[in-house]
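Peer 1: what follows is a predicted protein model with its sequence.
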Amino acid sequence: MFVVATRVSLVLRTLSRMKIIVNKKEVEVAEGTDLATFLSSQGADGPGYAVAIGGKVVPRTARAGVVLAEGDVLTLIKAVCGG
């Protein structure tokens, strides 16, 4: 089992990585990552989250079909209640 896990780990490490900007912070992700997967990995896929790429809002229904690209600039906003 250890040998299999080690091989899987080596394969994952060799995947190409790219940099995107999320709320003015540089983040590294695997090439081919779609927006829905990225948001899920950040815990930002639930209700109340809005996301824009390059200033254009991406509807929740379209997120799985948007593949992130090197240098994409994301703005991620979480709505909160209160005042």
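Peer 2: Happy to help now that I have it. Just so it is clear, the model here is predicted, and its values are computed rather than measured.
Peer 1: and the helices in this structure, which stretches?
Peer 2: Counting by DSSP state H, the chain has helices at residues 2-14, 35-41.
Peer 1: any idea which of these scores lowest on pLDDT?
Peer 2: If the helices of the chain are sorted by mean pLDDT, helix 2-14 sits at the bottom with a mean of 50.
Peer 1: who's Thr75 bridged to?
Peer 2: Counting by DSSP bridges, Thr75 forms beta bridges with Ala52.
Peer 1: can you tell me the closest non-neighbouring residue to Val67?
Peer 2: Nearest residue to Val67, sequence neighbours excluded (C-beta to C-beta, 6 or more residues apart in numbering): Asp34, at 5.3 Å. (Glycine included, C-beta is placed from N, CA and C.)
Peer 1: surely Ala44 meets Lys78?
Peer 2: Yes: counting by C-beta atoms under 8 Å, Lys78 is a contact partner of Ala44 at 7.2 Å.
Peer 1: quick one, which of these two is more surrounded?
Peer 2: Ala44 (17 against 10; other C-beta atoms under 10 Å).
Peer 1: for that one, which residues are in contact?
Peer 2: Taking C-beta atoms under 8 Å, 6 or more residues apart in numbering, we find Ala44 in contact with Val51, Leu76, Lys78.
Peer 1: from Ala64, how far off is it?
Peer 2: Note on Ala44: its distance to Ala64, by C-beta to C-beta, to the nearest Å, is 14 Å.
Peer 1: hmm, Val73 is touching Ile21, no?
Peer 2: Yes: taking C-beta under 8 Å as the definition, Val73 is a contact partner of Ile21 at 4.6 Å.
Peer 1: pull the helix or strand with minimum mean pLDDT from this structure.
Peer 2: Least confident element among the helices and strands of the chain, by mean pLDDT, DSSP states H and E: helix 2-14 (a mean of 50).
Peer 1: one step back: of the contacts of Ala44, the lowest pLDDT goes to which?
Peer 2: The lowest pLDDT within the contacts of Ala44 belongs to Lys78, with 94.
Peer 1: report the contact partners of that residue.
Peer 2: Contacts here follow C-beta under 8 Å, 6+ apart; on that basis Lys78 touches Ala44, Gly48, Tyr49.
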